[in-house]
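Sequence plus the predicted model coming up.
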Amino acid sequence: MVVVSGAAIVVRNLSHRFASRAGTVDVLSGLDLDIEAGAYVALVGASGAGKSTLLSVLGGLEPPQQGSVTVGGADLGTLCRSELATFRRETVGFVFQHFGLLEALTASENIELACSLARLAPRARRQRAADLLAAVGLTDRARHRPVELSGGERQRVAIARALANRPQLVLADEPTGNLDDESTLLVVDLLESLPGEHDCTLVLVTHDHALARRATRRLRLQAGRAVEESP
Amino acid sequence: MTWRDAIGLAVTTVRRRPGRAVLTVLAVTLAAALLTALLTISTTAETRVLDQLSSGGPLAGIKVAAAAPDPGQVDRDNAQPGDPRNLDDAAIAQISDLPDVRDVVPIVSAPMYVITPARDRDNRRIGPFREDIVGVDLTKVNQLPVTVVAGRLPVEGSTSEVAVTQGYLDRLGLQRTDAPLVVGTELQMASPQVVRDVGRDRVRGRWVKVGIVGVVAQEAGNGQILGTTELVNQARDWSRAGVDQSSALELPTSPYTGLFVVARGIDNVSLVRNQITAIGYSTSAPENLVASVRRYLRVVEIVLSAVGIIALVVAALGITNAMLAAVRERRREIGVLKAIGARDRDVYRVFLLEAGTLGFIGGVLGTAVGWAIAGIVGRVVNGYLAQQRLVGVQITLPFAVVVGGIIGSTLLALAAGTLPAVRAARLPAREAVGGG
């Protein structure tokens, strides 16, 4: 029996462009990409190379403008807004550089919010949030609001929230960009444990070469395409 | 996301970000307070005016006299009665059976000779005087044009308690504001009876002592003393037991001196009056006056409501503006919500409910503040009325105004929050991440 963990990603001929005052900007141009299920992939590239755009498309934050993107068997180009929301809720977990925690909610409530979107019962939500906060070592911070947490703690809460609905794919956009060295190490260790411990594929966007080198695969976005870098 | 979860998230967001919400809530509060205060004051004024018109009785009340109708007076509010006509139990039964009659309260009266212990302004004793005592079924007093000015009404069935009217105060040279002074004093009253004594008629009296327990304004019948039916019937029976039942003492032959008929609603007053006239009795009711005044009061109420509603609409625009600013400010937060799986309608619900929460809080606070303002206005008005030696008004907050104020503010806020909520729902999920 073959055990498949995480979501496999297949991207074919993906093109994406933005309209700006200066004219149209081609961010991605005929990009092809294959990521096997359970992989740990680092995306690197210069600013404006399209890393975040690719992440947005892979995570269903926006549909592909041209080409096809298949994540865990779902062809994202064929999904409507509501189906994309379901895809994001059930398949993807996001970790942002800016943490993306709701300031009005406590750490526990931020995680419970993600569970509530999946219609998890209140008691089950609270238990899931408690388990995840324990997993990231923040049980004692459950009732703290983001403003009362350090940057590293916020990012660990964000990672816990990303795992709330047991995603097959975790997308991290510069997750250590706002952290000090000590917090970076904690967060990186946590992220790197995800494919093994939570059976998911991890795609991480970073400018940090040292961090990128720790990934099992490293892809550089260049001229709108993904180029494999040697380990 | 369920509605319950959306409500929880919206309330939590408003509660934990009070700085953002406070100005918006304040605007709704002020508007709701204005509307509540205006409607409370106008409703109180309307009650006061109509109460004056109906002398404290129901607006659908009709006075029936023990007299035939005068054909020339039938449609008048204060119709003068025609020739006397006995009003008996059979007539009461006939009137009670009319389909649009809700209640019939019989009124009896009897002549009395009264001795008061009070003295006039020059400290001289006031001599005995003759006055009619009016008797009503006090269990139905709320159906009658009787208002307690001071003290209380006599206990049901009592033959030792009476209430007096403004006319009695006038006799003593007292003002209405002096009413409490007579409560607790005693009257000696005699029912007259004519007896034949050695070939000539002589009047003798059956004396009773009664306590004045209250001062009332009453237009149930003609007389300065209000008692129970039992007290008046005893006096009548005594007077009638004499040899002369009508001429010397001018005793009425009718068992009842009048009726107070309550129609089923003010709109049926005219119909019931016509039916009673057809039975053969004279009626009077301030129906034309009441209808006319109500029309004017309705116009005033509409104008005041319009002022309050304009304030609420301005507040609603404030909510829209504040919520649109919130949507602009929270683009990333909305993106994050969508990134973790919120659908467009989830975001719509949360923003709509945030607006509704602001409206609800503003409505509750505004209703409370409006009532307080109406109370203060009421005190000022009562102070003025007291200076004018008039009875004050009691400010009452109509339940409909409370419910309408809170629900109206909430609904208006929901309406005002619709556009911002739609905009929030339409924001792309990509707002969660930066460019690049």
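Alright, I've got the coordinates.

only C-alpha atoms for contact and neighbour calcs from this point on.
Noted.

OK, contacts around the nearest residue to residue B:286 once chain neighbours are set aside?
Closest residue to residue B:286 apart from its sequence neighbours, by C-alpha to C-alpha, 6 or more residues apart in numbering or on different chains: residue B:77 at 4.7 Å. Contacts here follow C-alpha atoms under 8 Å, 6 or more residues apart in numbering or on different chains; on that basis residue B:77 touches B:284, B:285, B:286, B:287, B:288, B:289.

average pLDDT for the host helix or strand of residue A:218?
Here residue A:218, judged by DSSP states H and E, is contained in strand A:217-222. The predicted model gives strand A:217-222 an average pLDDT of 90.

Extract the C-alpha trace of stretch B:421-433 and format it as CSV.
In CSV, the C-alpha atoms belonging to stretch B:421-433 read as follows (Å, rounded to 0.1, in the frame of the first residue of the first chain):
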residue,chain,number,x,y,z
ALA,B,421,-20.1,44.6,4.0
VAL,B,422,-20.6,44.0,0.3
ARG,B,423,-17.3,45.8,-0.4
ALA,B,424,-15.5,43.7,2.2
ALA,B,425,-16.9,40.5,0.8
ARG,B,426,-15.8,41.4,-2.7
LEU,B,427,-12.2,42.1,-1.7
PRO,B,428,-9.8,39.5,-3.3
ALA,B,429,-8.2,36.9,-1.0
ARG,B,430,-4.9,38.1,-2.4
GLU,B,431,-5.1,41.1,0.0
ALA,B,432,-3.6,38.7,2.6
VAL,B,433,-0.2,38.8,0.9
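
Check what contacts that stretch and list those residues.
With C-alpha under 8 Å, 6+ apart as the test, stretch B:421-433 has contacts from A:52, A:56, A:61-62, A:96, A:100, A:173, B:327, B:331-336, B:338-339, B:344-352.

quick one: the helices in the stretch 1-150 of chain B?
Assigned by DSSP state H, counting those that start in this stretch, the helices in the stretch 1-150 of chain B fall at B:3-16, B:18-53, B:89-96.

Next, the buried residues of the longest helix belonging to chain A.
In chain A, assigned by DSSP state H, the helix with the most residues is helix A:181-198. Judged by neighbour count (16 or more other C-alpha atoms under 10 Å in any protein chain shown), helix A:181-198 contains these buried residues: A:183, A:184, A:186, A:187, A:190, A:191, A:194, A:195, A:198.

One more: stretch B:214-222?
For stretch B:214-222, the buried set under the neighbour-count rule, 16+ other C-alpha under 10 Å, comprises B:214, B:215, B:216, B:217, B:218, B:219, B:220, B:221.

Stretch A:26-39 too?
Judged by neighbour count using 16+ other C-alpha under 10 Å, the buried positions of stretch A:26-39 are A:27, A:28, A:29, A:30, A:31, A:32, A:33, A:35, A:36, A:37, A:38, A:39.

same check, this time on stretch B:229-244
Residues of stretch B:229-244 classed as buried under the neighbour-count rule (16+ other C-alpha under 10 Å) are B:229, B:230, B:231, B:232, B:233, B:235, B:236, B:238, B:239, B:240, B:242, B:244.

mind checking the SS state of the residue most central in space within chain A?
Centroid check for chain A by C-alpha atoms, centre = their mean gives residue A:171 as the closest residue, at 1.5 Å. State at residue A:171, reduced to three classes by DSSP: H, G, I helix; E, B strand; the rest coil: strand.

Name the surrounding residues that touch the helix or strand hosting residue A:116.
The secondary structure element spanning residue A:116 is helix A:107-117 (assigned by DSSP H and E). Helix A:107-117 is contacted by residues A:89, A:101-102, A:122, A:125-126, A:128-130, A:133, A:141-146, A:157, A:160-161, A:164-165, B:1-2, B:5, B:340-342 when judged by C-alpha under 8 Å, 6+ apart.

Narrow the residues you listed to those that are buried.
A residue is treated as buried here by neighbour count (16+ other C-alpha under 10 Å); on that basis the buried members of the contacts of helix A:107-117 are A:89, A:101-102, A:125-126, A:128-130, A:133, A:141-142, A:145-146, A:157, A:160-161, A:164-165, B:1, B:5, B:340-342.

From the residues you listed, which land in helices?
Secondary-structure check on these using DSSP H: residues within helices are A:89, A:125, A:126, A:128, A:129, A:130, A:133, A:157, A:160, A:161, B:5.

Residue of the stretch 101-250 of chain B closest to chain A, please.
Across the stretch 101-250 of chain B, the shortest distance to chain A (C-alpha to the nearest C-alpha) belongs to residue B:142, at 54.6 Å.

Look up how far residue B:351 lies from residue B:327.
When C-alpha to C-alpha, to the nearest Å is applied, the distance between residue B:327 and residue B:351 equals 9 Å.

related to what we said a few turns ago, determine the angle, from 0 to 180 degrees, between the helix holding residue A:116 and helix B:3-16.
Counting by axes from the mean of the first three to the mean of the last three C-alpha atoms, to 10 degrees, helix A:107-117 points 150 degrees away from the direction of helix B:3-16.

Show me the shaky parts of chain A.
A:1-5, A:231 (pLDDT under 70).

Residue numbers of it in contact with chain B?
Contacts of chain A with chain B, taken as C-alpha under 8 Å from any C-alpha of the partner chain, map to A:47-53, A:56, A:61-62, A:81-82, A:85-90, A:92-94, A:96, A:100-102, A:104-105, A:114, A:116-119, A:162, A:173.
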